[in-house]
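S.K.: pasting a predicted model and its sequence here:
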Amino acid sequence: MAESALFVSNLEKAIEPANETATHILDAAYALFLEFGLRKTTMEDVAKRAKIGRITVYRHYADKPTLFQAVVMRECFRAMQDVERRLAQIHDMEERFVSGFVIVVNGARKHPLISRLLETEPEWLLPYLTTKGEAMLRFGSQYVASTLRQDIDQSLLATTNIDLLAEMLWRLLHSILLTPGGLMAPPKDDAALRHVAKSFLLPLVMGK
């Protein structure tokens with residue numbers, strides 16, 4: 001439990017901006033990426049929207065890819081915090097897992113920036129989910145692992161490779177996001193998602 005809390009605390013420090021200026025930069029970049037896309041957004045545009053100097057932007061983020069990755073990581077972390085809030089009132093571990101799976105899949109599918117980029121500029125987003133996606137993989141897997149360690153029966157921790165299980169779940173989310181449809185995750189079908197989570201994923205988590 002303490003280990004999980006420490007990970008989340010360190011993650012917050014790593015992802016949330018260290019100062020108000022960095023916050024303004026990320027907010028401005030997110031708004032511009034959403035409105036105009038990445039291709040048409042320049043670092044100068046971000047500086048103007050944030051009402052700061054261009055050099056200041058470069059001091060915080062070396063180039064547009066670095067800034068983009070920071071925006072995506074912050075959005076992912078915020079999305080996970082929202083999932084936690086929505087699941088806070090569900091005390092049954094199995095239902096928390098099943099509902100959490102449905103919420104995460106739908107949230108990833110419907111996120112404004114992810115949806116826009118997958119549709120209009122996939123060449124910008126896909127590398128951070130695939131060939132350049134190790135940082136995102138580590139981030140997501142560790143976050144899932146910390147959540148599992150808080151939720152599952154403590155007697156399973158000694159017999160289950162939580163880190164490997166968390167990575168499997170994160171990679172599954174990647175697959176569903178990048179290749180929609182099929183029997184596993186048809187669009188707008190929460191019942192199908194619940195079936196997959198309850199019948200196939202939950203037994204892995206519970207060690208059954």
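M.R.: It's in.

S.K.: the closest residue to Asp163 other than its chain neighbours: which element?
M.R.: Distances taken as C-beta to C-beta, 6 or more residues apart in numbering place Ala145 nearest to Asp163, at 5.2 Å, with adjacent residues excluded. C-betas here are computed from N, CA, C, even on glycine. If you go by DSSP states H and E, Ala145 is part of helix 134-151.

S.K.: what residue lies at the spatial centre of the chain?
M.R.: Cys76 (3.1 Å; C-alpha atoms, centre = their mean).

S.K.: may I have the helix holding Ala145 as CSV, with CA atoms only?
M.R.: The C-alpha coordinates for helix 134-151 follow below in CSV (Å, rounded to 0.1, in the frame of the first residue of the first chain):
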residue,chain,number,x,y,z
GLU,A,134,8.0,2.9,-24.0
ALA,A,135,7.6,5.9,-21.7
MET,A,136,3.9,5.7,-22.0
LEU,A,137,4.0,1.9,-21.5
ARG,A,138,6.0,2.3,-18.3
PHE,A,139,3.8,5.1,-17.1
GLY,A,140,0.5,3.2,-17.7
SER,A,141,1.7,-0.2,-16.5
GLN,A,142,3.1,1.2,-13.3
TYR,A,143,-0.1,3.1,-12.6
VAL,A,144,-2.2,0.0,-13.2
ALA,A,145,0.1,-2.0,-11.0
SER,A,146,-0.2,0.5,-8.2
THR,A,147,-4.0,0.3,-8.4
LEU,A,148,-4.1,-3.5,-8.4
ARG,A,149,-1.8,-3.6,-5.4
GLN,A,150,-4.3,-1.5,-3.5
ASP,A,151,-7.4,-3.4,-4.6
